[in-house]
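K.L.:
Sequence and predicted structure below; questions after.
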Amino acid sequence: MIGRLSQSTGTGGRTAYATALGGLWPGLSGTLTRLEALGGRRDAPLLDEETIGLLPTLQYSLHAASELVHGIDPPEGAESVHAELGSALAEARDSTAELVEAFEQGGTEAGERFVYEWRGTLFQVRLAWLRLSTTPEAHEAVAAADEGRRRSTAALGTVAALGGAIALAAGAGFALWPVWGLGLALVAVALFAQRQ
């Protein structure tokens, strides 16, 4: 018998889960910040053609994040808060679509009736993320992923610094200026990695 097909990122382990969430959050956080800035305007009207024109692209970002969350298998103990994040993302996406539709069909006044409800759905996403990041399982997984990222950045910095020093010495010693330039570039990479 053939089993049910489903899309999954294969993120059952804690480290893989944290990596998947770590890849999701920077883009999602930026999207939420932009949406909140648009929705948090105090000047009348709260919505205008320019604001509404930005919403479909940001709505798609919410949709993509929702799909990614749906494809991530949470570790044991984080299932309910993971589902809450997926649900909050879907609600925020749908609420954004309703806001755009109300504006397009009824103008500014009709659209502004949805603004506070829409803001609430954006807040639900942040709240769900906060709950997810404070569960012990997810917190351990995120901490493990951060540690792995720090180690790989440190290793890159060390290798770049050593390679850069050798290339600088060889380039300067043998008057090979392209090698010397490569050494400078590697040292710059090492400095950049150290700042991360």
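P.N.:
Here it is on my side, so go on.

K.L.:
Could you pull out the helices in the chain for me?
P.N.:
For the chain, the helices defined by DSSP state H occupy 14-39, 49-70, 79-112, 115-134, 136-173, 177-195.

K.L.:
Any idea how far stretch 178-196 is from the middle of the chain?
P.N.:
Chain-centre distance of stretch 178-196: 28 Å, with C-alpha atoms, centre = their mean, to the nearest Å.

K.L.:
ok, and for that stretch, which residues are buried?
P.N.:
For stretch 178-196, the neighbour count (16 or more other C-beta atoms under 10 Å) marks 179-180, 182-183, 186-187, 189-190, 193 as buried. (Glycine included, C-beta is placed from N, CA and C.)

K.L.:
Also stretch 120-127?
P.N.:
So, applying 16+ other C-beta under 10 Å, buried residues of stretch 120-127: 121-122, 124-126.

K.L.:
Quick one: neighbours of A165, just the number.
P.N.:
Other residues lying near A165 total 14 when counted by other C-beta atoms under 10 Å.

K.L.:
Wait, it touches V187, no?
P.N.:
Yes: using C-beta atoms under 8 Å, A165 is in contact with V187, at 7.3 Å.

K.L.:
Now do the contacts for T134.
P.N.:
The contact partners of T134, by C-beta atoms under 8 Å, 6 or more residues apart in numbering, come to none.
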